[in-house]
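*Asks:* Next one to model:
(chains A, B, C and D)
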Protein chains: 4
Amino acid sequence: MISFTCDYNEGAHPLILERLIATNLCQEPGYGADAFTESAKARILDAVGCPEGEVFLLTGGTQTNSTVIATMLRDYQGVVAAESGHIAVHEAGAVEYTGHKVLTLPQSEGKISAWDLQDYLETFYADGAYDHMVFPGMVYISFPTEYGTLYSKAELEAIRDVCLRYELPLFIDGARLGYGLMSPECDVTLRELGRLCDVFTIGGTKLGALCGEAVVFPSGKVPEHFFTMVKQHGALLAKGRLLGIQFDTLFTDELYFKIARGAVDLAMELKDLFVEKGYELFMDSPTNQQFVILTPEAAQALEGRVLYEVWERLPGGRAVTRFATSWATTPDQVQALAEILP
Amino acid sequence: MISFTCDYNEGAHPLILERLIATNLCQEPGYGADAFTESAKARILDAVGCPEGEVFLLTGGTQTNSTVIATMLRDYQGVVAAESGHIAVHEAGAVEYTGHKVLTLPQSEGKISAWDLQDYLETFYADGAYDHMVFPGMVYISFPTEYGTLYSKAELEAIRDVCLRYELPLFIDGARLGYGLMSPECDVTLRELGRLCDVFTIGGTKLGALCGEAVVFPSGKVPEHFFTMVKQHGALLAKGRLLGIQFDTLFTDELYFKIARGAVDLAMELKDLFVEKGYELFMDSPTNQQFVILTPEAAQALEGRVLYEVWERLPGGRAVTRFATSWATTPDQVQALAEILP
Amino acid sequence: MISFTCDYNEGAHPLILERLIATNLCQEPGYGADAFTESAKARILDAVGCPEGEVFLLTGGTQTNSTVIATMLRDYQGVVAAESGHIAVHEAGAVEYTGHKVLTLPQSEGKISAWDLQDYLETFYADGAYDHMVFPGMVYISFPTEYGTLYSKAELEAIRDVCLRYELPLFIDGARLGYGLMSPECDVTLRELGRLCDVFTIGGTKLGALCGEAVVFPSGKVPEHFFTMVKQHGALLAKGRLLGIQFDTLFTDELYFKIARGAVDLAMELKDLFVEKGYELFMDSPTNQQFVILTPEAAQALEGRVLYEVWERLPGGRAVTRFATSWATTPDQVQALAEILP
Amino acid sequence: MISFTCDYNEGAHPLILERLIATNLCQEPGYGADAFTESAKARILDAVGCPEGEVFLLTGGTQTNSTVIATMLRDYQGVVAAESGHIAVHEAGAVEYTGHKVLTLPQSEGKISAWDLQDYLETFYADGAYDHMVFPGMVYISFPTEYGTLYSKAELEAIRDVCLRYELPLFIDGARLGYGLMSPECDVTLRELGRLCDVFTIGGTKLGALCGEAVVFPSGKVPEHFFTMVKQHGALLAKGRLLGIQFDTLFTDELYFKIARGAVDLAMELKDLFVEKGYELFMDSPTNQQFVILTPEAAQALEGRVLYEVWERLPGGRAVTRFATSWATTPDQVQALAEILP
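*Replies:* Numbers count the residues shown, from 1 in each chain, chains lettered A, B, ... in the order given. This is a model prediction of the structure:
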């Protein structure tokens, strides 16, 4: 059975495991004060090109999003996001649980537009009763989006401009950041991305780590006592070394980017395969997640041999499906799918 | 440099790392639906002797405490705890952050008494204005306590009786559970403990795992949609396998208990060593944490050679200190301390 | 200057003030245990025709909505509402502040449809990942709606049926309930309304009281320790008599309904007036709020003589405006407007 | 039956009712934008002697406390209070419900000492693990306290000094402020009090109003968007005029202080009465609440003729009781008690 279900179905990249073993008996302080975390932070800031930045290593995606958002907002503020944004749909109301509204904008291919954002903000402040409403306090976008799509540099700059005009911090959720940056269609670099936002995350869980998300504040403007609030959110790992070692490894010799590149390359092969065989793409994704409309015949052929995720059922037995690649996907697996797929 | 600073200064028990490597390429579903987690849960329930129970694997201690407490309380309720309880002091207000008060009772050696609990509850319901106050909704105790001490079986039963009388669930925080159960002074078994409470945790982080706390509901009475609330609290790991593999390993061939026993044995050696050399114990702990009052001379002798934690500074340069052992502590390290200590 | 700005621009109906004076020196216990509140509750339950019901008197609208919603939901649940619902827009995120998401449905004339509700619920439970999402926990509708419109009895029954099918409590926000029930187009009685929902409010503030909203649980199913949670939400008035006296007066000799009827009658005159003079209605409201599109000429004619609320500015200097009547509106005022309006 | 049960058992001072009637038909905007509220604010600021200050009028005590505290604290902070403080005991966990811990200090006669506060703060910041704990974010005291006692000017200045040293805002809960200021033992004026804290309240409910608490920020430093957060807390009254009229009346011709003086004078007579007859005072209160230990004989004599509040039952049938006076208490009532009391 081959699985393309998602990008977190295997363990960790072997180099991470090797490193865990090699360092296992080093005695290091807890809660992120260890030498590995220190080194990982330095490597990340180096890659982002912002020595004045600050990095924190948290455990999981929902946790990271709700911690960052709750600590950056004041009580009277909400976070602006696409109606398809992960925080708006699939995080069990973790943001609302911290007391804040998710203010949704329409999406196209998972993206919001600077225009819609500007329009929303103008309309908000033009409303005579705006102080009876939730104030927009920050903007959240995901890169890549939940549909695997990417904002172009121009789109990011336009959103950034609106944010600056309204003094709203911009938060980029990079749970799958590497797959975005290593996409052939990506026209923004990590360093540029760091200059285009106030805070972003570098997802480890879906990119070769056992767990871990790095939160980067490129300009070093961190919410006061962020450490304590991370603890308050249950997001502080006692053995912070587990996160430090993983990110230190991922950011040594560009492992993070090599993993991402490999997965995206195979995803492009997957896409070509589907297109060549006449399948309809639900979304033309340039990253490691491919959204394909499968016919009942195709589904039957894959039954019991290939795993994937059903995104949405369509009339006539067809279905929107997701095929994801990861560091662990091999060319052989793609080849095997090619042979099975009718 | 030898460190007795705490029990989470090294990585994981080698068997866990071996298992991570052996299983690394198995493709398993996320969010705790993997085969390792399933196996781990079965092994834990078997050890607890409650096949009808339910187990959830979370990542960290504060996270686990606040998730369990928030999901078991109604809005009008608080959690009763010792004034020295971890949730009352060192968790950055994580419980209050979820909207619930920690209702504190006096402590003696880190423990509450059934008598004080009964007295508090009687007084509460005798107050004509009790519906203007926070209702006690559950009782939290730690085993071992924050001072390394243990409740006897009789003490637990007495507390349990009061809880039953007032229909209050009893929650036992077992962040260091193994060290308690394997103490020579412990007179309660894991199975008995499971019958004495409504929910308890089995700490992995401080007992050989990289991270992970198992939440056990011995009678299977789990808050409705607990899974979703775990996600809401940011406590759901995408690669649940990381937790599953670790607990499955810890509960194979009694590894968890062997680790604990070894550490407690060395801690008893440490205690004997201090007592023989005439040091005063701040607390007579029967578990892996030893609280000793160090003289300035002793501190000077250890300077640069042995690490430990300063708990509280006393007049005259003396200090309450903590020496902790773990799976990674060796007899050689204890021997070395013996030679250094004046 | 005549004001049609809103229905809470004057004080209280004179009978209420008379009653406040007459009872001023009676010594009564606080927090709603007074005899006036007891009498008010009995009168309300009598009017609703549900002797087994329970009534609580709170101070304000947003307060009442967030208290009722927060106390009826479990942590993993949100409240379903029209995207134009008061709780979704103009309550400063009071619901989210209590940790719960407002799950919005499309609206038409301020109303949700049973069909959209059914569709949303079906889709929700058909989603394989629904336990990563906020569960629908109750349904909120306003009667009349924020646009002054009314659900028909058939529409309410259809919504109720869906709610029953999914075991969702139905909450009717009746901040302007009287104006709805006394509308010539209303085909549902107060008693029928009580049988069609699990909880509803009877707004006093906008219907002749100085302040006060009655929360009615027709079947008597009240969230446990609701009193304590009302206090916790800051919604418990020490001198509960203030609320008791007002509602007791409003529900004596049908004052509440007479007030509402008078205001609606004048609002219908207002509507006729606008229609006769050729103005376009933004919404054909059968209740005390009239939404009219004013031309720049009309606006200029009213300038400095008649007050109203601008709802939304339109191109060409036109504007959606609101004219509201209340117990204090007089036929003379409507006549005066008729003479001024071009 | 004469009642000394509490100071909110009657309606409002007659001048307030007169004013409500006189202004009833004035059309004024809602939400505190009315002319009465504007006038009330000016009068209050004049009385406090801080023209640069800001005033907000809220409805009730618990509501005011939790709104002020929640809006002045950051997520990582708690509020320091006496263990007997109203917010720590009798507000149903309203502060914790907003996510903040109440950090309690020991009390003596309901008061904290500057020394204990200083000691707590020093100890807190000396703890190596303080960033795992809840940060003190403000200090709450009540004036008079829950036991009717008063801080002296020197005590207030000492607490203020500690607050300044640690940059902690000082919040004075003046739910019964007038009774404190008009006490013969009070050595601080309203103007001095305004200079000694960052925010304080002027309670109306217990001092002649139907409802209402004025929040005064003497230096004008108000939490950003406080208005919106007041709404979010359900504390914004639509007919703000109800609060404006009441406070405008209370602060015209010093009515507030005359009411308070009258009640305190009668309370002193009550105290003398009890002392002369040989009763033991539980607390020597210089304000309108008297705490007396009643014998079973006294209780029997008062049975059915005089109402008071039982504070705490003592062995041997004795009880700590509270007798409170208010604007509505008459010399005749005190005289009647004198005749009944054995």
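
*Asks:* Can you report phi and psi for the residue nearest to residue A:32 when sequence neighbours are not counted?
*Replies:* Distance criterion CB to CB, 6 or more residues apart in numbering or on different chains; nearest residue to residue A:32, sequence neighbours excluded, is residue A:240 at 3.6 Å. Heads up, the C-betas are built off the backbone N, CA and C, glycines and all. Backbone torsions of residue A:240, given as degrees, to the nearest 10, read phi -60, psi -20.

*Asks:* Tell me where the longest strand sits in chain A.
*Replies:* When chain A is parsed with DSSP state E, its longest strand is strand A:135-142.

*Asks:* neighbouring contacts of that strand?
*Replies:* Contact with strand A:135-142 is made by A:65, A:69, A:72-74, A:76-82, A:85-87, A:100, A:103, A:110-112, A:117, A:120-121, A:124, A:151, A:159, A:163, A:166, A:168-175, A:198, D:225, D:228, as judged by CB atoms under 8 Å, 6 or more residues apart in numbering or on different chains.

*Asks:* Report the buried members of these.
*Replies:* Buried members of the contacts of strand A:135-142, scored by 16 or more other CB atoms under 10 Å in any protein chain shown, are A:65, A:69, A:72-74, A:76-82, A:85-87, A:100, A:103, A:110-112, A:117, A:120-121, A:124, A:151, A:159, A:163, A:166, A:168-175, A:198, D:225, D:228.

*Asks:* Okay, domains of chain A per the record?
*Replies:* Per automatic domain parsing, the domain ranges recorded for chain A read A:2-7+A:256-340, A:15-254.

*Asks:* Could you check how far the longest one is from the centre of its chain?
*Replies:* Mean C-alpha position of domain A:15-254 versus that of the full chain (CA atoms, centre = their mean, to the nearest Å) differs by 8 Å.

*Asks:* For chain A, give me the ranges with low pLDDT.
*Replies:* Judged against pLDDT under 70, chain A has no low-scoring part.

*Asks:* For it, which residues are neighbours of chain D?
*Replies:* A:70-71, A:74-76, A:99, A:131-133, A:135, A:224-225, A:227-229, A:231-232 (CB under 8 Å from any CB of the partner chain).

*Asks:* follow-up on the earlier one: which other residues reach whichever helix or strand comes after the longest strand of chain A?
*Replies:* Sequence-wise, the next helix or strand downstream of strand A:135-142 (DSSP states H and E) is helix A:153-165. Contact partners of helix A:153-165, identified using CB under 8 Å, 6+ apart, comprise A:111-115, A:117-118, A:121, A:139, A:141, A:151, A:168-170, A:187-188, A:192-193, A:196-197.

*Asks:* please redo it, this time with the cut-off set to 6 Å
*Replies:* A:114, A:117-118, A:139, A:170, A:187-188, A:196 (CB atoms under 6 Å, 6 or more residues apart in numbering or on different chains).

*Asks:* Would you show me how to pick out the buried ones of these in ChimeraX?
*Replies:* The buried subset of the contacts of helix A:153-165, as determined by 16+ other CB under 10 Å, is captured in ChimeraX by this line:
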select /A:114,117,118,139,170,188,196
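
*Asks:* Restricted to helices, list the contacts of helix A:153-165.
*Replies:* A:114, A:117-118, A:196 (DSSP state H).

*Asks:* Just the buried ones among the contacts of strand A:135-142: which are in strands?
*Replies:* With strands taken from DSSP E, the overlap with those comprises A:77-82, A:103, A:170-173.
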